[in-house]
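Trainee: Provided below are the primary sequence and the corresponding predicted coordinates.
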Amino acid sequence: MGGEVPAHPALRPFPRQTLFRFFITRFGMVVPTFFGVTVVAFFLIRLIPGDPIELLVGERGIAPERHAYLLKEFGYDRPLWQQYLGFVHNLLNGDFGTSIVSREPVLSEFLTLFPATIELSFMALFFALAIGLPVGILAAVRRGTVFDHTVMGISLTGYSMPIFWWGLLLIILFSGTLGWTPVSGRISVLYYIEPTTGFMLIDSLLIDEPGAFKSALRHLILPTIVLGTIPLAVIARQTRSAMLEVLGEDYIRTAHAKGLAPMRIIGIHALRNALIPVITTIGLQTGVLLAGAILTETIFAWPGVGNWLINSIYRRDYPSVQGGILLVACIVITVNLLVDLAYGLINPRIRHAGKS
Amino acid sequence: MTEDTVNGISAPPHPLREFWSYFSENRGAVAGLAVIVTIVLMAVFADFIAPYSPIEQYREHLLRPPFWEEGGSLAFPLGTDAVGRDMLSRLIHGARYSLLIGLIVVTLSLSTGIALGLVAAFLRGPVETLIMRAMDIMLALPSLLLAIVVVAILGPSLINAMFSLAIVYLPHYVRLTRASAIGEMSRDYVTASRVAGAGVARLMLITVLPNCAAPLIVQATLSFSSAILDAAALGFLGLGAQPPTPEWGTLLAEAREFVLRAWWVVTFPGLAILVTVLAFNLMGDGLRDALDPKLKR
């Protein structure tokens, strides 16, 4: 009975190994997922009727002996598992295949177009955060008021929005009736922009032409709103519910009892803790943004990877589709990993949870 | 009704009655339910309600505006499209496709998901790892993108679009079923049933599954709305239902080139999608509040 009582888990000194172990575990979970995605991408394409050479030559047809030669030349006569290993080997060397249509490496095509998608996605996320966070906080603080109900009603509508229709509506209103914004593209054809960074807002500033930046910005407005709508709705709802949860905690009551200013309690004591689940939500929006980019870029003829991917599908350019989905999957996996790691860093409960 | 009161304590209300009292507290959910009932009736009786056939072309009435605009008439209350088809009739018939899509997609992915989730929960070990890892891989791709790729490979059609969406929603059901089944399996009533000699199939389907139903029902309602939305997106991209099918997303795809000339061919199909999806989301929220015991006061 005289032995020492073990300290409560929360009071034990923080073992330095834990964070490292958390990182390693989380990395370990990513590797099988990545290989799973390569398996899916490899075999999905094999489900299409016809072998790769037939797909390559298309409807022109090919002499049988030439066909057999090419099959051997490209290694398509080898067993599937050998082909798969070759595929993975190429991937690890940065070879994501070659487009049938343009004969360009898929990776370089993707990287050329990717900045346009990043620029649009960042603007959309910024738009969603700039409105969603304050509105969500305010709705939680004024719980049950008309403001709260209105915000929740609008955000559920936004969440249910068919964004391809939303884009067309905005075009009718702002480009058609009001004539305020351009219908499509990234910048007016009056300006020739040498891609330096690939980000139009930066490149248009670099060329030192007075109207270029303004034109690029005007082209961004509607696509940003369209792509940002669903993340905005999700972030507003998530912020509100996280804030509501935190505002009911004892330490908030303590802060009130100590006589702290309400702004300080909401802005510092509550918000810091409420932001933890919101950060996860923001991370999960990466997939939403990339899927939404396909629709948004199609509507506004935005020259990004979403537009490119859907056109590759229309053109039956299967190597591009295969490489494209692999690259998108890599991005989503990586971002989710980073979000998880950030979550572990800011929330000690998560990294301890793995042990119990 | 509550005559069997013993010592002044009334019997607990019937579960359905209790559920309804929670559900009807949420006005949004009731409104959503009302809209859904209306749309279902509209879809079932489309042949009687719609003034015209959805594919009949009236060549002398191309792109007529709705009746309240100049040039419109009550003969075509919501106007006509570019080949002279009545918009209202096409929208009413479109409700059939959207509800059918939701129903088939949810049934397919719900039943497969429950089966895989229960197998994972009961067998554990390598089978569970295999199933759950496969689901993780499917979750690594944005759902609409995965659906687009599956449709691109199978070929664009309504059937393939529904099939691909059913695949895409599968992981949510598998994860949900497995998690709640594992939670239930440690309860005493399951052990009691096991001791009483119940076989695995009975344990799975009769003992455990009904107690996992609440989250599954909520998820099913919510993916009903995602299915309608995503199928419309596929239709819009030309990868779902093909013209002249009056599916709402396909209507929008056909209307795209008239976006600056005839606002009504663009506005109404999208509004129909929005209202339907919103109604299902409202009802889903209400169901979650009514069924989730953690949120019950």
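Mentor: That came in fine, so what should we check first?
Trainee: element containing the residue nearest the centre of chain A, please.
Mentor: What sits nearest the mean C-alpha location of chain A, by Cα atoms, centre = their mean, is residue A:286, with 2.1 Å. Element membership of residue A:286 [criterion: DSSP states H and E] is helix A:271-299.
Trainee: Can you give the distance of the next helix or strand after that helix from its chain's centre?
Mentor: Downstream of helix A:271-299, the next assigned helix or strand under DSSP H and E is helix A:305-314. How far helix A:305-314 lies from its chain's middle: 17 Å, per Cα atoms, centre = their mean, to the nearest Å.
Trainee: Run through who's touching helix A:305-314.
Mentor: Defining contact as Cβ atoms under 8 Å, 6 or more residues apart in numbering or on different chains, one finds that helix A:305-314 is touched by A:99, A:101, A:109-110, A:113-114, A:116-117, A:290, A:293-298, A:301, A:320-321, A:324-325, A:327-328, B:145, B:148-149, B:152, B:237-239. (Glycine included, C-beta is placed from N, CA and C.)
Trainee: Quick one: distance of the next helix or strand after that helix to the chain centre.
Mentor: Counting by DSSP H and E, the element after helix A:305-314 in chain order, helix or strand, is helix A:318-346. Relative to the chain's own centre, helix A:318-346 is displaced by 8 Å; criterion: Cα atoms, centre = their mean.
Trainee: How about stretch A:70-89?
Mentor: 32 Å.
Trainee: list the buried ones in that stretch?
Mentor: A:70-71, A:83-84, A:87 (16 or more other Cβ atoms under 10 Å in any protein chain shown).
Trainee: From start to finish, how long is that stretch in a straight line?
Mentor: From its first residue to its last, stretch A:70-89 covers 21 Å (Cα to Cα, to the nearest Å).
Trainee: Run the contact check for it versus chain B.
Mentor: No: for stretch A:70-89, no contact with chain B is found by Cβ under 8 Å from any Cβ of the partner chain; the gap never falls below 14.9 Å.
Trainee: on that earlier part again, per-residue pLDDT, the closest residue to the residue nearest to the centre of chain A other than its chain neighbours?
Mentor: Once flanking residues are discounted, residue A:286 sits nearest to residue A:335: 4.3 Å by Cβ to Cβ, 6 or more residues apart in numbering or on different chains. On pLDDT, residue A:335 comes in at 86.
Trainee: So what's the residue count around residue A:335?
Mentor: By the measure other Cβ atoms under 10 Å in any protein chain shown, the count of residues near residue A:335 is 18.
Trainee: just the one 5 residues further on next, same as before
Mentor: The criterion is other Cβ under 10 Å. On that basis, residue A:340 has 18 neighbouring residues.
Trainee: hang on, the earlier thing: any of the contacts of helix A:305-314 buried? List them.
Mentor: Buried among these by 16+ other Cβ under 10 Å: A:99, A:109-110, A:113-114, A:116-117, A:290, A:293-298, A:320-321, A:324-325, A:327-328, B:145, B:148-149, B:152, B:237-239.
Trainee: returning to what we had before: list the helices and strands the helix holding residue A:286 packs on?
Mentor: helix A:106-141, helix A:163-170, helix A:212-247, helix A:305-314, helix A:318-346, helix B:143-154 (3 or more Cβ pairs under 8 Å, 6 or more residues apart in numbering or on different chains; DSSP states H and E).
Trainee: Pull out the buried positions in that helix.
Mentor: In helix A:271-299, counting by 16+ other Cβ under 10 Å, buried: A:271, A:273-278, A:280-299.
Trainee: likewise stretch B:118-129?
Mentor: Quick answer for stretch B:118-129 (16+ other Cβ under 10 Å): B:118-122, B:128.
Trainee: how about the CA coordinates for it, as CSV?
Mentor: Taking Å, rounded to 0.1, in the frame of the first residue of the first chain, the C-alpha atoms of stretch B:118-129 are listed here in CSV:
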residue,chain,number,x,y,z
LEU,B,118,-20.7,-5.8,-40.5
VAL,B,119,-18.2,-8.3,-42.0
ALA,B,120,-15.3,-6.0,-40.9
ALA,B,121,-16.8,-5.6,-37.4
PHE,B,122,-17.4,-9.3,-36.8
LEU,B,123,-14.4,-10.9,-38.4
ARG,B,124,-11.8,-8.2,-37.4
GLY,B,125,-8.2,-9.2,-38.2
PRO,B,126,-6.8,-9.1,-41.8
VAL,B,127,-10.3,-9.0,-43.4
GLU,B,128,-11.1,-5.8,-41.5
THR,B,129,-7.8,-4.2,-42.3
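Trainee: how far out from the middle of the chain is it?
Mentor: Counting by Cα atoms, centre = their mean, stretch B:118-129 comes out at 28 Å from the chain centroid.
Trainee: what's next to that stretch, contact-wise?
Mentor: By Cβ under 8 Å, 6+ apart, stretch B:118-129 touches B:131-132, B:174, B:177-178, B:181-182, B:185, B:200, B:203-205, B:208-209.
Trainee: I'd like the average pLDDT over that stretch.
Mentor: 90.
Trainee: can you give me the strands for the stretch 101-250 of chain B?
Mentor: Applying DSSP state E, counting those that start in this stretch to the stretch 101-250 of chain B gives no strands.
Trainee: Quick check: which ranges of it have low pLDDT?
Mentor: For the stretch 101-250 of chain B, no stretch is flagged by pLDDT under 70.
Trainee: before we move on, back to that, now, among the buried residues of stretch A:70-89, which is nearest to residue A:188?
Mentor: residue A:87 (42.6 Å; Cβ to Cβ).
Trainee: what's the distance between the closest one and chain B?
Mentor: 16 Å (Cβ to the nearest Cβ, to the nearest Å).
Trainee: which residues does that residue contact?
Mentor: Taking Cβ under 8 Å, 6+ apart, one finds A:38, A:42 in contact with residue A:87.
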